[in-house]
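Colleague: give me the fold of what follows.
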Amino acid sequence: MPHIRTGDFDCWYVDDCFVEPWLRPETIVIQHGFGRNGEYWRSWVPDLARHYRVIRRDMRAHGGSSAGPAGHQWSVEGLADDVIAFLDAVGLERVHYVGESVGGITGIALGALHPERFESITLVQTPIRLGPLLGDAMRGSYPTWSAALRELGPGGWVTRNMEPGTPRTEWERKQWDRCEPESLIALADATGGVDVEAYLSQVAVPTLILAPALSALTSLSDQLKLRTTIPNAQIEVFEGRGHNIYQEEPHRCTRRIQRFLRHLNP
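Modeller: Got it, this is the predicted structure:
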């Protein structure tokens, strides 16, 4: 679980592979979303790492990664650049990419701007845009999402509606409090301008969409738009599920991804 210098920050990542040592497996890079880190994907590793090298990378200012210079300006393109810098730093020419929520938005940009670096892209509960709907859902009784994060702290904000004192609640609080608070607040402020619709038709990488039917942050109609606008994309809809399918149904997700990847390399 090393750090590696990635552009202007130190990136923490976890590298798992349980393939026979004489084989050279393909690599899957997993990118979490807002406030989370690679620890949220532990349940995916046993299924995938038996057949692939699996790297869970912490976004800048999240988990074990440093924030980089003060005043960093967040953007989708900047997040994509950070991923490419990471691939360069660890010596990976082409990988399979799995991105969740903001990590999925980053994946859309990567598939459009850097298709030569990716064998496939999987988008997990990925919005097309982030704007007033997201801000209203996240701010609660506070005037803005960033105000709520500043008042409660990342861990206090994410656990505000959870049962206090339980092991799950305390774990969630601890993980979110690993974020650098001011950087996370700046990222929350930047989400209002995020819109990757113009990139969809430019994605030039085989794409799988894992789509929740009932997410408050991305409508099913937007998930279907990903399917119809990204060339040759595939979709699996998770009926009755909200914006947490990768944790609620990890084995279904990993099985679907493996079927998708086997189809690419029969």
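Colleague: quick one, helices of the stretch 101-250 of the chain?
Modeller: 102-113, 132-139, 145-158, 167-176, 181-190, 197-200, 220-229, 245-248, 250-264 (DSSP state H, counting those that start in this stretch).
Colleague: highest mean neighbour count out of those?
Modeller: helix 102-113 (a mean of 25; mean count of other Cβ atoms under 10 Å). C-beta: built from backbone N, CA, C; applies to glycine.
Colleague: and that one, how far out from the chain's middle?
Modeller: In terms of Cα atoms, centre = their mean, to the nearest Å, the centre of helix 102-113 is set 10 Å apart from its chain centre.
Colleague: neighbouring contacts of that helix?
Modeller: 30-34, 59, 76-77, 79-80, 83-84, 97-99, 117-118, 121-127, 130, 187, 191, 194, 196, 199-200, 202-205, 207, 230 (Cβ atoms under 8 Å, 6 or more residues apart in numbering).
Colleague: buried subset of these, written for ChimeraX?
Modeller: In ChimeraX syntax, the buried subset of the contacts of helix 102-113 is picked out as below (16 or more other Cβ atoms under 10 Å):
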select :30,31,32,33,34,59,76,79,80,83,97,98,99,117,118,121,122,123,124,125,126,127,130,187,191,194,196,199,200,202,203,204,205,207,230
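Colleague: so which of the contacts of helix 102-113 belong to strands?
Modeller: Judged by DSSP state E, the subset of the contacts of helix 102-113 located in strands is 30-31, 97-99, 118, 121-124, 130, 194, 207.
Colleague: lowest average confidence across the helices of the stretch 101-250 of the chain, which one?
Modeller: Among the helices of the stretch 101-250 of the chain, helix 132-139 has the lowest mean pLDDT, at a mean of 81.
Colleague: what is that helix packed up against?
Modeller: Other elements packing on helix 132-139 under the criterion 3 or more Cβ pairs under 8 Å, 6 or more residues apart in numbering; DSSP states H and E are helix 145-158.
Colleague: with distance to residue 92 as extra columns, can I get the helices of the stretch 101-250 of the chain in JSON lines?
Modeller: Compiled in JSON lines, those are given as follows (distance: least, Cβ to Cβ, whole Å):
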{"stretch": "helix 102-113", "distance to residue 92": "13"}
{"stretch": "helix 132-139", "distance to residue 92": "31"}
{"stretch": "helix 145-158", "distance to residue 92": "30"}
{"stretch": "helix 167-176", "distance to residue 92": "26"}
{"stretch": "helix 181-190", "distance to residue 92": "25"}
{"stretch": "helix 197-200", "distance to residue 92": "22"}
{"stretch": "helix 220-229", "distance to residue 92": "25"}
{"stretch": "helix 245-248", "distance to residue 92": "22"}
{"stretch": "helix 250-264", "distance to residue 92": "16"}
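Colleague: out of these, flag the one nearest residue 2.
Modeller: helix 167-176 (19.4 Å; Cβ to Cβ).
Colleague: with distance to residue 183 as extra columns, can I get the ones in strands among the contacts of helix 102-113 in TSV?
Modeller: Formatted as TSV, the ones in strands among the contacts of helix 102-113 follow (distance: Cβ to Cβ, whole Å):
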residue	distance to residue 183
30	21
31	17
97	23
98	23
99	19
118	26
121	25
122	26
123	24
124	23
130	17
194	16
207	29
